[in-house]
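Participant: Here is a sequence together with a model predicted from it:
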2 protein chains.
Amino acid sequence: MNKNQPIGIFDSGLGGLTVLKALQEKLPNESFVYIGDTAHVPYGNKSQKAIINYTKTLSNFLIEDHNVKMIIVACNTASSIALKSLQRAYKIPIIDVISPIQSLLLENNQIKRIGIIGTHNTVKSKAYNKLLLSINPKLKIFSQACPLFVPIIEEGLENHQITKIISGEYLDPLIYKKIEALILGCTHYPILKKNIKSFLPASIKIFDSAETLSIHTKKYLINNSLISSSSNHATHLFITDESDHFNRFACHILNNQFSTISSIQLF
Amino acid sequence: MNKNQPIGIFDSGLGGLTVLKALQEKLPNESFVYIGDTAHVPYGNKSQKAIINYTKTLSNFLIEDHNVKMIIVACNTASSIALKSLQRAYKIPIIDVISPIQSLLLENNQIKRIGIIGTHNTVKSKAYNKLLLSINPKLKIFSQACPLFVPIIEEGLENHQITKIISGEYLDPLIYKKIEALILGCTHYPILKKNIKSFLPASIKIFDSAETLSIHTKKYLINNSLISSSSNHATHLFITDESDHFNRFACHILNNQFSTISSIQLF
């Protein structure tokens, strides 16, 4: 494997761009190829079988057409459902957005009560619960699906009063359970991080999976001598169905730090 | 064509079930085959090219596998984008959810100012505007995208306070424009009809496209001697990706008035 090959990233749509942004900041010499499956977005309401098929097609595209050195699954739903199938199917490293949270938990081993927020599918999968309990079986874990957060973010309503009201309904039960940390279990949610923070007591730590994943990936690349040494780096974005909405979000979230956006027919 | 063949209906997901319900009520002797494209739901964020491809695949399924006598496009986004392509491609009658509104307008020819609510895609397509202005070029038309209504309905939050707040933001500008009628330009919206009604001055008429379409379809079948005479009728539901959510909604909206729900692999 050549360390100067790009890193592949996929998501169901645009949420994973928060992960790409965190990776760009932590790894300024890397090249990235991102693919958002806008033909099937959102994954939150699709079946497990369908999600496994879609993510294999996306992975084939990244490996065969773009020769990526690793794949980042920048989507919580796909991470919770498809990771093992993908790791069995491909030889290159595949890092998901959920697993890196375990190192954060080990660093914060005083935490005994933890909250998780995500889509219906992520909460239903119990992927975080399984991971966290495998590290510390005595942890008390409280999950909360926040299905309106994604449409609120996609409509740019972060500062709208309905966001305060619905945040209260989603987060109050977790505050009541005296959680000491909250995992943002959806790649859209970092966009709401400030709002969520203002809603929680200051003592509750926020575990942002985009940031955590980027730290984990950097460590992984260093430990495996895979850090790029090229000064000729670029970020290329692909989508599986044309979407002005994606284009606007990409410019906004990434501060225009990408070379191209292309729509391709994979399905 | 045999008048006892079933009527085919398709939608991007479950919204079209409100149309199916209205049709079942108006046409109790008909058989129906409904297909919801849960693999691609929602259509509101997909490209025109993709939507035309998806709807052709759904139409082929209804015609070739179920020998339907006509097709109802029970989805506003698909109606506004794909209708003409479908009508060119197939010989059987294809009725969309938008066109029947013209007869309502002719019956209510005193109306001069009209509001339309729908998804971003439906509003952007201006399909209603073109139709309405072709009947009366002097009409004043005011459109409003209501992107949060679908997630609110799918989460069962019709009676939540955020629905009142967001309804106010969506509908107040239309009330301010002194509209005399409001078109519910999304097949999900009949589920919010009571809420919307309570929000508007009593003088504003509500044009519900599901109801209007069912009246139009009945007239069409009578005029073309296509009304079923069979006492052996049934409703069969199909989805393109498994979805518990669809199953629950189907039981709820249709009061269990269907024979089967099956998931099939079309894409």
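Facilitator: Good, I have the coordinates. All values reported here derive from a predicted model rather than from experimental measurement.
Participant: residues near A:Leu266, how many?
Facilitator: 16 (other C-beta atoms under 10 Å in any protein chain shown). Heads up, the C-betas are built off the backbone N, CA and C, glycines and all.
Participant: quick one, phi psi at it?
Facilitator: Per-residue torsions, A:Leu266: phi -110, psi -20 (degrees, to the nearest 10).
Participant: so it touches A:Phe61, yeah?
Facilitator: Yes: the pair A:Leu266 / A:Phe61 is scored as a contact, 5.9 Å apart, by C-beta atoms under 8 Å.
Participant: by contact count, what packs against the one helix or strand A:Ser80 maps to?
Facilitator: Element membership for A:Ser80 (DSSP states H and E) is helix A:76-89. For helix A:76-89, the packing partners by 3 or more C-beta pairs under 8 Å, 6 or more residues apart in numbering or on different chains; DSSP states H and E come out as helix A:48-60, strand A:70-73, strand A:94-96, helix A:120-125, helix A:127-135.
Participant: Quick check: residues of chain A near chain B?
Facilitator: By C-beta under 8 Å from any C-beta of the partner chain, the residues of chain A that approach chain B are A:38-41, A:45-47, A:49-50, A:147-148, A:151-152, A:154-155, A:157, A:161-162, A:165-166, A:241-243, A:245, A:263, A:267.
Participant: out of those, which are inside helices?
Facilitator: Of those, the ones assigned to helices by DSSP state H are A:49-50, A:151-152, A:154, A:161-162, A:165-166, A:245.
Participant: Domain-wise, how is chain A divided?
Facilitator: The record's domain parsing of chain A by automatic domain parsing lists A:7-97+A:212-263, A:101-209.
Participant: Contact partners for the closest residue in space to A:Leu221 that isn't next to it in sequence?
Facilitator: Leaving out its chain neighbours, the residue that sits closest to A:Leu221 by C-beta to C-beta, 6 or more residues apart in numbering or on different chains is A:Ile227, at 4.7 Å. Each residue near A:Ile227 by C-beta atoms under 8 Å, 6 or more residues apart in numbering or on different chains is listed here: A:3, A:27, A:29-30, A:221.
Participant: The residue of the stretch 1-150 of chain A found nearest chain B: how many residues sit nearby?
Facilitator: For the stretch 1-150 of chain A and chain B, the shortest gap (C-beta to the nearest C-beta) falls at A:Ser47, measuring 3.9 Å. A:Ser47 has 19 neighbours, counted by other C-beta under 10 Å.
Participant: can you check A:His216 too?
Facilitator: By other C-beta under 10 Å, the residues close to A:His216 number 22.
Participant: cool, and the one 3 residues further on?
Facilitator: Under the neighbour criterion other C-beta under 10 Å, A:Lys219 is assigned a count of 13.
Participant: Using the three-state scheme, assign it.
Facilitator: Put simply, A:Lys219 is helix when judged by DSSP: H, G, I helix; E, B strand; the rest coil.
Participant: so how far is B:Gln24 from it?
Facilitator: According to C-beta to C-beta, to the nearest Å, A:Lys219 and B:Gln24 sit 59 Å apart.
Participant: same thing with A:His252?
Facilitator: Distance, A:His252 to B:Gln24, by C-beta to C-beta: 45 Å.
Participant: low-confidence ranges in the stretch 101-250 of chain A?
Facilitator: Filtered on pLDDT under 70, the stretch 101-250 of chain A yields no residues whatsoever.
Participant: What ranges does it have for its strands?
Facilitator: For the stretch 101-250 of chain A, the strands defined by DSSP state E, counting those that start in this stretch cover A:113-118, A:140-145, A:181-184, A:205-208, A:235-239.
Participant: Redo these as TSV? Include mean neighbour count.
Facilitator: Output for these, formatted as TSV (neighbours: other C-beta atoms under 10 Å in any protein chain shown):
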stretch	mean neighbour count
strand A:113-118	25
strand A:140-145	18
strand A:181-184	25
strand A:205-208	18
strand A:235-239	21
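Participant: As TSV, those strands with distance to B:Ile204 would be great.
Facilitator: Shown next, in TSV, are these (distance: least, C-beta to C-beta, whole Å):
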stretch	distance to B:Ile204
strand A:113-118	39
strand A:140-145	36
strand A:181-184	42
strand A:205-208	45
strand A:235-239	40
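Participant: gap between A:Thr235 and chain B?
Facilitator: A:Thr235 sits at a distance of 23 Å from chain B (criterion: C-beta to the nearest C-beta, to the nearest Å).
Participant: so what's that residue up against?
Facilitator: By C-beta under 8 Å, 6+ apart, A:Thr235 lies in contact with A:20, A:24, A:31-34, A:254, A:257-259.
Participant: Tell me what it is bridged to.
Facilitator: Beta-bridge pairing for A:Thr235 (DSSP bridges): A:Phe32.
Participant: Tell me which of the domains of chain A sits most buried.
Facilitator: Of all these, domain A:7-97+A:212-263 has the most neighbours on average by mean count of other C-beta atoms under 10 Å in any protein chain shown, namely a mean of 20.
Participant: Show me what A:Gln144 bridges to in the sheet.
Facilitator: The partner residues for A:Gln144, given DSSP bridges, come to A:Ile117.
Participant: about what we covered before: taking the contacts of A:Thr235 one by one, which sit in helices?
Facilitator: Among these, the members found in helices (DSSP H) are A:20, A:24.
Participant: closest to A:Lys112 among the contacts of A:Thr235?
Facilitator: Checking the contacts of A:Thr235 against A:Lys112 with C-beta to C-beta, the nearest one is A:Leu20 at 33.3 Å.
Participant: re earlier: and B:Ile204, which of the helices and strands packed on helix A:76-89 is closest to it?
Facilitator: Here helix A:120-125 is closest among these (C-beta to C-beta), at 35.4 Å.
Participant: wait, doesn't A:Asp37 sit right on A:Ile51?
Facilitator: No: with contact defined as C-beta under 8 Å, A:Asp37 and A:Ile51 do not form a contacting pair (9.5 Å).
Participant: residue contacts, A:Ser80?
Facilitator: Contacts for A:Ser80 (C-beta under 8 Å, 6+ apart) come out as A:98, A:121-122, A:125, A:127-128.
Participant: could you measure the closest residue to it other than its chain neighbours against B:Arg248, distance?
Facilitator: Here the nearest residue to A:Ser80 in space, its sequence neighbours aside, is A:Ala127; by C-beta to C-beta, 6+ apart that works out to 3.4 Å. A:Ala127 is 23 Å from B:Arg248, where distance means C-beta to C-beta.
Participant: can you check A:Leu174 too?
Facilitator: Separation of A:Leu174 from B:Arg248 (C-beta to C-beta): 26 Å.
Participant: Taking the ones in helices among the residues of chain A next to chain B together, which two end up most distant?
Facilitator: Going by C-beta to C-beta, the pair spanning these furthest: A:Lys49 and A:Gln161, at 39.7 Å.
Participant: shouldn't A:Ile204 be in contact with A:Ile183?
Facilitator: No: A:Ile204 lies out of contact with A:Ile183 (C-beta under 8 Å); the separation is 11.0 Å.
Participant: what touches both of the two?
Facilitator: The contact lists of A:Ile204 and A:Ile183 share A:Gly115, where a contact means C-beta under 8 Å, 6+ apart.
Participant: Present the domains of chain A as JSON lines; the columns should include distance to B:Ile141.
Facilitator: Output for these, formatted as JSON lines (distance: least, C-beta to C-beta, whole Å):
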{"stretch": "domain A:7-97+A:212-263", "distance to B:Ile141": "23"}
{"stretch": "domain A:101-209", "distance to B:Ile141": "23"}
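Participant: Of all those, which one is nearest B:Ser231?
Facilitator: Per C-beta to C-beta, nearest to B:Ser231 of the domains of chain A: domain A:7-97+A:212-263, 36.6 Å.
Participant: Just the terminal-to-terminal distance for the closest one.
Facilitator: 19 Å (C-alpha to C-alpha, to the nearest Å).
Participant: Tell me who's in contact with the spatially closest residue to A:Leu184 that is not a sequence neighbour.
Facilitator: Nearest residue to A:Leu184, sequence neighbours excluded (C-beta to C-beta, 6+ apart): A:Asp208, at 5.2 Å. By C-beta under 8 Å, 6+ apart, the contact list for A:Asp208 reads A:184, A:189-190, A:193.
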